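J.: Sequence and computational prediction follow.
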Amino acid sequence: MSSGGRFRALRALLSDPMGALGLGLVLLFVVMALFAPWVAPADPIKLNVAEKFQPPSLAHLAGTDQLGRDLLSRIVYGARTALAIALTAVGLAGVGGLILGMIAGFGPRWLDAVLVLLFDSMSSLPMIMFALAVITIVGPGTGTLILVVVLVSIPAYARLIRAQTLALSGADFIVAERAMGASSARILFRHLLPNVVGPLLILLSMDVPVVIMLEAGLSYLNLGVRPPTPSWGNILYDGYTSIRAAPHMVVIAGLPLVLSTLGFTFLGEGLRDALDPRLRRRVAG
Amino acid sequence: MNWTTDRRGFLKRAGAGLASAVAAPNFAWAAEGDTLRIRMDADFQVLDPWGIIGGLDEVIPRCTQVSLVRMGDMRAGNNWELYAAEKLEWLDDTRLAFTLRDGLVWTGDFGPVTVADVKFSYERIAGSDSAWAYQFEKLKEVEVIDDRNGVIHLTEAFAPFVVIAMPYYGGHIVCKAAVEAAGGSYTTEIPAQCGPYLLDAWEQQQKVTLKANPGWTGEKPAFETVEIYIQADDQAAQLAYEADAFDYTRVAPSAVRQLKEAMPEGATLIEAESTRYVWLTINQNAEPLKDIRVRQAIQYAYDSDAVLQGAYDGLVGRSAGVVQPGTTYARAKNIIDTRDVGKAKALLAEAGAEGLTLNLVALTDSTSQTIAQIIQASLGEAGITVEIQPTEEAAYWALGDKTAGDDYLSLELVLQSFAGGVDPTENLVWFRPDQIGVYNWAFFDSAEYEELYQKSLTERDADKRRAMFNRMEDLMEESGSFVFICFEPLVAIHDSDLKPVILADGHPDPVRFARM
């Protein structure tokens, strides 16, 4: 995509209210994550049991948890955990899916058949069951979570890229490149890659909240991020176990999950519309 | 119309309305009146008294089997009474004669309960690898006079035999013929039952149903059916109680304050001193913990006040051992009674163990996890990184079991709690050398401790026994392998028209629950 095209896409994204809202929410969480030590009002893991279950107040804007830790600070640092896991996992899966998908779509037929069989086999595993199996073998933790997401997500991304690559391989401009003697590497990286990466970015963006929810779900089950590292999932679990004493904890822990899911979903949809003008015209028309 | 409701009523009506709306044709609220619904926090694993682990494993045999004597409610002083025996008499210091009550009959055409069954039940556990072998350590043999009369012979005078060996756990009587026919032991299917209830149905991890035994000739229990629901989480159990799903449940100690402020209508709160003792095991066999200075550093770094306040709302004080505080035999205080982070750091430096990272295993319930996180933070202040490993009940109990692999060798820190007994020896028994790889997960191995334990069994002078028990707890603490945390309060909630019976181990005896 040319720089002019990129600006047009950005303008299209910002002109869509939902897309702009999504971008705003995502930027909010990114800023929270990047600048957590400056944004958070207190140490997120420092215990002060004398102040446990404090309701929201000026001293603790979101109250405190069962160990007297400042909830707002834990939410802010939880954004760092959630985004670090989600972006790392989705990014690695995206790169893996891109490489494998292009190999499957551009390589020899036998290799394509083997890779498609592998993708189909992986896709048939329910994500949560697969995650539980891997955690049982490897043990819980951040690294395990990322590994699970990467393994589970690669097939979906690879299939998308493979389909795009196959469709573009027969396009006139690729045939012309081949006729002019262009190497496979040139065709792959110069012509195919820029054209297949757009749909992948949309899919990656829409998968980020799925990973955030998976991390939160596994942490809620004590299978994800280990304490005392703040994670939205284990904050939610702490809130649930203390729901009678401090109902505000569940609400406060649930908010970032809801907002980040909305943000990334709106952003993904906005990107899709912005990067696919045909779709935008169809929706508008 | 005057609309008044309460939370429990609202939840019940809302639940009923929702259930009607989804039109489940076979839906019905659990019957009230002749059904007792109690909640336990974990499913059973082994019902054979030989291999009982605890909790529901023990509660079911209270219903389906009998024992020669049984204990009364812990809140009424743990007094024992005759049960399957109609007569019990010490002939001398080492001979205890008993007569079985008439009319006790096994299911499955195995005939009446006989003294041969008692002999089989006791002698198969005595001297075996069973965790309950200690109950019968002083048993020489059970002499069969006839079907209903027998004499228990002890190797030496041991008065606590009646309360240690006979009322529960290994003391449940099994049917010799049925167990032998089943291959000598059993797990989840009881080959023959003789108690007031029969095990009727088991929905794994959900519910156990017991029905009144039509062949039971003793005092008729108050309920035709007992339903035991499995709910691991105290918070969920409390909510379920408020939605009228249970008649009795234990709740988290941290719920006391809130419950006192807003008790559900028609409910009564039980707050009692329990015999359940909680401690931190520091495994001296684990490589990073072999140096006693490292173990002592943990003892110094532990923040007792934060644990008691954070996990128990200050309802209990710190324990000084495993003998119940407030009793004649309790130790007055811990040797390391005051937190000293500086001393902990110095010990670590001296041992060259700065930057130490340890694994802490704890059950997944909220109280255990809260304690674990406070320990993590307090040890963190001394420079020890603690990684918490929340572990489900079944996997947890296998961790220290030498028959389940080699993991028990390298466990590092474990948050543990045991239900105690009436006599201090029942609490101290688990830390004997022969319990390593069974329940002594600390690898605490003291010949002096064992010698004192043996002496305490037969010593009758209370002052001398106290001195022995106190010294045993000193040895435990001096080994650096234990941090004594507290005796948990027993907190439960039940219908006000229900009279629960709770035994010394903190678990209910459904047979004697009654409606008032």
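T.: Ah, there it is.
J.: Phi, psi for the residue minimising distance to the centre of chain B please.
T.: The centroid of chain B falls nearest to B:Ala419 when counting by CA atoms, centre = their mean (3.4 Å). With angles defined as degrees, to the nearest 10, B:Ala419 sits at phi -80, psi 130.
J.: In terms of helices and strands, where is B:Tyr408?
T.: Secondary structure from DSSP states H and E places B:Tyr408 in helix B:407-410.
J.: Report the buried residues of that helix.
T.: Neighbour counts using 16 or more other CB atoms under 10 Å in any protein chain shown place B:Tyr408 of helix B:407-410 among the buried residues. (C-beta placed from N, C-alpha, C; glycine too.)
J.: what's the answer for stretch A:23-35, then?
T.: Buried residues in stretch A:23-35 (16+ other CB under 10 Å): A:23, A:25-26, A:29, A:32-33.
J.: Flag every residue of the stretch 51-200 of chain A that's near chain B.
T.: Proximity of the stretch 51-200 of chain A to chain B, by CB under 8 Å from any CB of the partner chain, involves residues A:52, A:66-68.
J.: What subset of those is buried?
T.: With neighbours counted by 16+ other CB under 10 Å, these contain buried members at A:52, A:66-68.
J.: returning to that earlier point: mind picking the two most distant members of the residues of the stretch 51-200 of chain A next to chain B?
T.: Pairwise distances across these peak at 7.9 Å for A:Gln66 and A:Gly68 (criterion: CB to CB).
J.: So is the longest strand along chain B next to chain A?
T.: Ordering each strand of chain B by length in residues (DSSP state E) puts strand B:267-282 first. No - figure legend: strand B:267-282 not in contact with chain A (CB under 8 Å from any CB); closest approach 13.7 Å.
J.: quick one: low-confidence ranges for the stretch 101-250 of chain A?
T.: Residue ranges of the stretch 101-250 of chain A with pLDDT under 70: none are present.
J.: rerun that using 80 as the cut-off
T.: A:127-128, A:136, A:139-141, A:220-223, A:241, A:244-245 (pLDDT under 80).
J.: Which stretches in it count as helices?
T.: A:109-123, A:127-138, A:142-169, A:172-179, A:184-186, A:193-220, A:232-241, A:248-275 (DSSP state H, counting those that start in this stretch).
J.: For the residue in the stretch 51-200 of chain B that chain A sits nearest to, give its distance to B:His507.
T.: Of all residues in the stretch 51-200 of chain B, B:Gly55 sits closest to chain A, at 20.4 Å by CB to the nearest CB. As judged by CB to CB, to the nearest Å, B:Gly55 and B:His507 stand 7 Å apart.
J.: Identify the contacts common to those two.
T.: Overlap of the contact sets of B:Gly55 and B:His507 (by CB atoms under 8 Å, 6 or more residues apart in numbering or on different chains) consists of B:Met40.
J.: near chain A, which residues of the stretch 201-350 of chain B show up?
T.: When proximity is defined as CB under 8 Å from any CB, the stretch 201-350 of chain B approaches chain A at B:233, B:235, B:238, B:254-255, B:257-258, B:306, B:309-310.
J.: For the spatially most central residue of chain A, give me its contacts.
T.: Nearest to the geometric centre of chain A sits A:Val208, at 1.7 Å (CA atoms, centre = their mean). Applying CB under 8 Å, 6+ apart, one finds that A:Val208 lies in contact with A:86-87, A:90, A:264.
J.: Same question for B:Tyr277.
T.: B:319, B:322, B:324, B:417-418, B:420, B:427, B:484, B:486-488.
J.: ok, those residues vs A:Leu132, which is closest?
T.: B:Ser417 (27.2 Å).
J.: Next, count neighbours for the residue nearest to the closest one when sequence neighbours are not counted.
T.: Setting aside the residues directly before and after it, B:Ser417 is nearest to B:Val278 in space (CB to CB, 6 or more residues apart in numbering or on different chains), at 4.2 Å. If you count neighbours by other CB atoms under 10 Å in any protein chain shown, B:Val278 ends up with 23.
J.: Hmm, B:Val278 is touching B:Gln416, no?
T.: Yes - assessed by CB atoms under 8 Å, B:Val278 is found in contact with B:Gln416 at 7.2 Å.
J.: quick one on the thing from earlier: right, and the helix or strand after the longest strand of chain B?
T.: helix B:292-301.
J.: which residues touch the residue of the stretch 51-200 of chain B closest to chain A?
T.: Taking CB under 8 Å, 6+ apart as the test, what B:Gly55 contacts is B:40-42, B:44, B:507.
J.: Phi and psi next, for it.
T.: Torsion angles, degrees, to the nearest 10, at B:Gly55: phi 60, psi -130.
J.: One more: B:Trp216?
T.: Here B:Trp216 shows phi and psi, under degrees, to the nearest 10, equal to phi -80, psi 130.
J.: any idea how far chain A is from it?
T.: 40 Å (CB to the nearest CB, to the nearest Å).
J.: Mind giving me the packing neighbours of the helix holding B:Tyr408?
T.: helix B:393-399 (3 or more CB pairs under 8 Å, 6 or more residues apart in numbering or on different chains; DSSP states H and E).
J.: The helix it packs on: which residues count as buried?
T.: B:393, B:396-397, B:399.
J.: again, but for stretch B:381-394
T.: B:382-384, B:386, B:388-391, B:393.
J.: Could you tell me which of the residues you listed belong to helices?
T.: B:Glu393 (DSSP state H).
J.: And the buried residues of stretch B:381-394, which is closest to chain A?
T.: So of the buried residues of stretch B:381-394, ranked by how close each gets to chain A (CB to the nearest CB), first place is B:Pro390, at 4.0 Å.
J.: Excluding residues flanking it in the chain, which one is nearest that closest one?
T.: Residue nearest to B:Pro390 in three dimensions, not counting chain neighbours: A:Asn222, with 4.0 Å by CB to CB, 6+ apart.
J.: The one you found and A:Pro140 touch, don't they?
T.: Yes - at 7.4 Å, A:Asn222 counts as touching A:Pro140 under the criterion of CB under 8 Å.
J.: Could you report the neighbour count for residue 94?
T.: Here I'm looking at chain A. A:Gly94, neighbours per other CB under 10 Å, totals 23.
J.: try again with chain B
T.: Based on other CB under 10 Å, the number of other residues close to B:Thr94 is 16.
J.: mind checking how far it is from B:Ile152?
T.: Counting by CB to CB, the gap from B:Thr94 to B:Ile152 is 9 Å.
J.: What ranges does the stretch 351-500 of chain B have for its helices?
T.: Under DSSP H, counting those that start in this stretch, the stretch 351-500 of chain B gives helices at B:366-381, B:393-399, B:407-410, B:424-428, B:447-458, B:462-478.
J.: helices or strands next to the longest one in the packing?
T.: In terms of contact count using 3+ CB pairs under 8 Å, 6+ apart, helix B:462-478 is assigned the packing partners helix B:424-428, helix B:447-458, strand B:482-495.
J.: In a markdown table, list those along with mean neighbour count and mean pLDDT.
T.: Shown next, in a markdown table, are these (neighbours: other CB atoms under 10 Å in any protein chain shown; pLDDT from 0 to 100):
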| stretch | mean neighbour count | mean pLDDT |
| --- | --- | --- |
| helix B:424-428 | 24 | 92 |
| helix B:447-458 | 17 | 93 |
| strand B:482-495 | 22 | 94 |
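J.: Angles on the backbone of B:Ile230, please.
T.: Here B:Ile230 shows phi and psi, under degrees, to the nearest 10, equal to phi -100, psi 120.
J.: can you pull the contacts of it?
T.: B:39-43, B:56, B:205-208 are the contacts of B:Ile230 under CB under 8 Å, 6+ apart.
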